[in-house]
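J.: quick check, what structure comes out for this input:
(2 chains)
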Amino acid sequence: MGVIIILLIVSISIALLFLFAFLWSVKSGQFEDDYSPASRILFDDKTTTQN
Amino acid sequence: MTKQPPKTESGNLSVAQTEKFYYDNAIVRAFGFATIAFGIVGMLAGLWAAIQIYYPQSSLGLAPTTFGRMRPLHTNAIIFAFVGNASFAGIYYSLQRLCKSRLFSDRLSWIHFWGWQLIIAAAAITLLMGKTTGKEYAELEWPIDIAITVVWVIFGINMFGTIFKRREKHLYVAIWFYIATWVTVAMLHIVNSFEIPVSFLKSYSWYAGVQDALVQWWYGHNAVAFFLTTPVLGLMYYFLPKAANRPVYSYRLSIIHFWALIFIYIWAGPHHLLYTALPDWAQSLGVVFSIMLIAPSWGGMLNGLFTLRGAWDKVREDPVLKFMVVAITCYGMATFEGPMLSLKSVNAISHFSDWTIAHVHIGGLGWNGFMAFAILYYMIPKMWGTSLYSKKLATNHFWLGTIGIVIYAVPLYWAGFEQSLMWKAFTPEGQLKYQFLETVNSIRPFYILRSVGGAMYLIGAFFMVYNLYKTIRSGVFIANEAAEAAPLIKLPNTKNEYWHRILERKPATMLVLSLIVVALGGLIELIPTFLIKSNIPTIASVKPYTPLELQGRDIYLREGCYTCHSQMIRPFRDEVARYGEYSKAGEFVYDHPFQWGSKRTGPDLAREGGKYPDSWHYNHMYDPSSMSPGSIMPAYSWLLENNLDTGSTAAKIRAMQKLGVPYPEGYANISNKDLMRQADSIAANLKKDKINTASGKEIVALIAYLQRIGRDIKSAPEQVAVSQSNENNK
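T.: Below is the predicted model:
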């Protein structure tokens, strides 16, 4: 069952990676506004100028 | 008049000049077309395989089209070609719009596209040729594994590059799902694909037996999680609000959904190995996490369905929403069922039966298929600047597909339950009540119904092809869609350079770099040390395969026997009575790869060795129904004709030695001598039963292997007891 150690290392490093990503996202204010992002995607940025 | 640029998080930037740029629709179109084409191919392969189960003659008696090769073709085509291409199409479409930026590099996009399609073509050819690693959903051989890694990295660079140059500071929740998909699939693929090449298209798994099983299902379950679930959830969070034209029910819930899901999912794999020779504690760990998974999964489902609150009238009108509603409902059902199936008492009945097949098809047909259809119906009219040719036809597709799913799944649930209970039934005298074949025949009608359901689903997909074709004809493709947005202005970061500040500026680099460092550094150092050491057998009587048996085992792999036969007797009264002594972990230490299987369309083979004479196997392979009347096993008559390739023996033995299998020093060079000796004795044995065959035929090698399976511990039962008490479950 030595392989479980590898799987643990791999799984935990992924988890840590995600933890870092999570900390980053919280500290950089990604989730400070949990209302407008949901609405913002609905507005398409159609250009009004000619193309 | 220029539209007011959207406000960014930093507030006062709305005065910035907007930039004009173009979304790349051509790449989305390419992935979209590939989705449609491979969807049809994959479903056809599935239908064909399903028909073969009750009508084996439909394999045409050809090796490439027989179930054992068609089934991997079907699963690979659906997972990696159909859902894969659909995810790439949807990700590239939504990522550009969420980031307000064209994709990072057109060139990388196209390398990604053509690379992926080449991989699919190579996969189709090699799988039909019987080139397989013998590990479910990871069947592709090592050169293709390397190609997948390269293309995946290119996809990653393209995606992170786009995120990097985005004009929208906030990363919408869908993007998080895409990131998680990329990171985790990369890791899973690398770890599970560790294999030692024997030749150009042949390799052996680095891991053996129990270890291989654990890695494989760690991979297998997370492939479901991170290839079939997280990217599609990301698509849901983008396309559902867009199609319904209202924001997601709770953005906060979507964030919680994401983080909870990815932290829990990775641990659930062992629930595929309940009651097997995997150590009990690992099984329990898998069960606990599997049950916890219901919370984030249902959070996501409810978030999706609640998004439609007050908009259900739109569902009546819009086929895109119809498909999504059923897709999300199927997601909810499958993720409720998953934790239930992870309970050991339920799993005791469901495992190895058609219940599992029904379960995955609720996910595959319902969740993945319907989401793919929905986004195609959404994107294609948009990219051609037109509207869908016929809503009515799409609605017909929807109903045909939905009823098809029901007719597919319900009979299989029934079949799984019925057969499993028949397996477990005893007479009052304490004898097994049913022969295996009786249980098979009792569920044949369900197999027929299942293929009817599948056919309906496929016909629906053809409706879609026609509908989209007409839609495309009525519009003009917008290859480069104009858009404008204000650039993202970085605030000067003069004060307080904390670590997270640095990370903030280079999230992509950090993710990629740390991943590579962890993966390569850790694995290359650790794997040989751990694995070869733990290959020391705990059961003294378990010996490596003879060269002929090894060759026979490779034929067993090539023909995909594991797709219908398990080699794992669980410690239940009925299984021990039917098949023999339950399987011990120590029996599999030389099995590169493990062949425990996941389905018993035919009986378990873990104690097959010595059950029947050689001639029985010979005749059975030539015509299974001659030995077991009513059998649904296909004939493997080519094994009687083909000459065994003994040129590979030495290389195979050497590869096994590298993996720690204790053949004597220099044995590779003389291995063919042993091989011929054993082959001659089997041929002589067959001759006694009036079967004349040359000893160099493949059938002889296969018989050698089949007669070996599970015999080692029979020969020395007292040693088993000793080693069991010494070191259990190594």
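
J.: wouldn't residue B:588 be in contact with residue B:277 here?
T.: Yes: Residue B:588 is in contact with residue B:277 according to Cβ atoms under 8 Å; the separation is 7.1 Å. Every C-beta, even on glycine, is put in place using the N, C-alpha and C of the backbone.

J.: what's the overlap in contacts for the two?
T.: B:209-210 (Cβ atoms under 8 Å, 6 or more residues apart in numbering or on different chains).

J.: and the two? Which one has more around it.
T.: residue B:588 (26 against 22; other Cβ atoms under 10 Å in any protein chain shown).

J.: so what's the more buried one up against?
T.: Taking Cβ under 8 Å, 6+ apart as the test, what residue B:588 contacts is B:208-210, B:212-213, B:277, B:594, B:596.

J.: residue boundaries of the helices in the stretch 1-150 of chain B?
T.: Per DSSP state H, counting those that start in this stretch, the stretch 1-150 of chain B carries helices over the ranges B:26-54, B:67-76, B:84-99, B:106-129, B:142-164.

J.: go through those helices and name the closest to chain A.
T.: helix B:84-99 (6.5 Å; Cβ to the nearest Cβ).

J.: same for the closest one, what does it pack against?
T.: On a contact count with 3 or more Cβ pairs under 8 Å, 6 or more residues apart in numbering or on different chains; DSSP states H and E, helix B:84-99 meets strand B:19-24, helix B:26-54, helix B:106-129, helix B:142-164, helix B:173-192, helix B:230-244, helix B:370-383.

J.: in TSV, list the ones you listed along with distance to residue B:251.
T.: Listed next are the helices and strands packed on helix B:84-99 as TSV, based on distance: least, Cβ to Cβ, whole Å:
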stretch	distance to residue B:251
strand B:19-24	24
helix B:26-54	25
helix B:106-129	29
helix B:142-164	19
helix B:173-192	7
helix B:230-244	9
helix B:370-383	20
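
J.: so can I have JSON lines of these showing mean neighbour count?
T.: Listed next are these as JSON lines, based on neighbours: other Cβ atoms under 10 Å in any protein chain shown:
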{"stretch": "strand B:19-24", "mean neighbour count": "18"}
{"stretch": "helix B:26-54", "mean neighbour count": "22"}
{"stretch": "helix B:106-129", "mean neighbour count": "18"}
{"stretch": "helix B:142-164", "mean neighbour count": "19"}
{"stretch": "helix B:173-192", "mean neighbour count": "24"}
{"stretch": "helix B:230-244", "mean neighbour count": "26"}
{"stretch": "helix B:370-383", "mean neighbour count": "25"}
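
J.: okay, those in TSV with distance to residue B:671 and mean pLDDT next?
T.: Converted to TSV, the helices and strands packed on helix B:84-99 look like this (distance: least, Cβ to Cβ, whole Å; pLDDT from 0 to 100):
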stretch	distance to residue B:671	mean pLDDT
strand B:19-24	55	91
helix B:26-54	36	96
helix B:106-129	25	96
helix B:142-164	22	93
helix B:173-192	29	90
helix B:230-244	46	95
helix B:370-383	49	96
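
J.: what are the buried residues along the worst-scoring helix or strand of chain A on mean pLDDT?
T.: In chain A, the helix or strand scored least confidently by mean pLDDT, DSSP states H and E is helix A:3-27, which has a mean of 81. Residues of helix A:3-27 classed as buried under the neighbour-count rule (16 or more other Cβ atoms under 10 Å in any protein chain shown) are A:3-4, A:6-7, A:9-11, A:13-14, A:17-18, A:20-22, A:24-25.

J.: near chain B, from those residues?
T.: Checked against chain B using Cβ under 8 Å from any Cβ of the partner chain, those yield the following neighbours: A:3-4, A:6-7, A:9-11, A:13-14, A:17-18, A:20-22, A:24-25.

J.: residue B:152: which of those residues is nearest?
T.: The closest of these to residue B:152 turns out to be residue A:14 (Cβ to Cβ; 15.2 Å).

J.: isn't that closest one up against residue B:185?
T.: No: using Cβ under 8 Å, residue A:14 is not in contact with residue B:185, being 10.8 Å away.

J.: relative to residue B:706, which of the helices of the stretch 1-150 of chain B is closest?
T.: Of all the helices of the stretch 1-150 of chain B, helix B:67-76 comes closest under Cβ to Cβ, at 14.6 Å.
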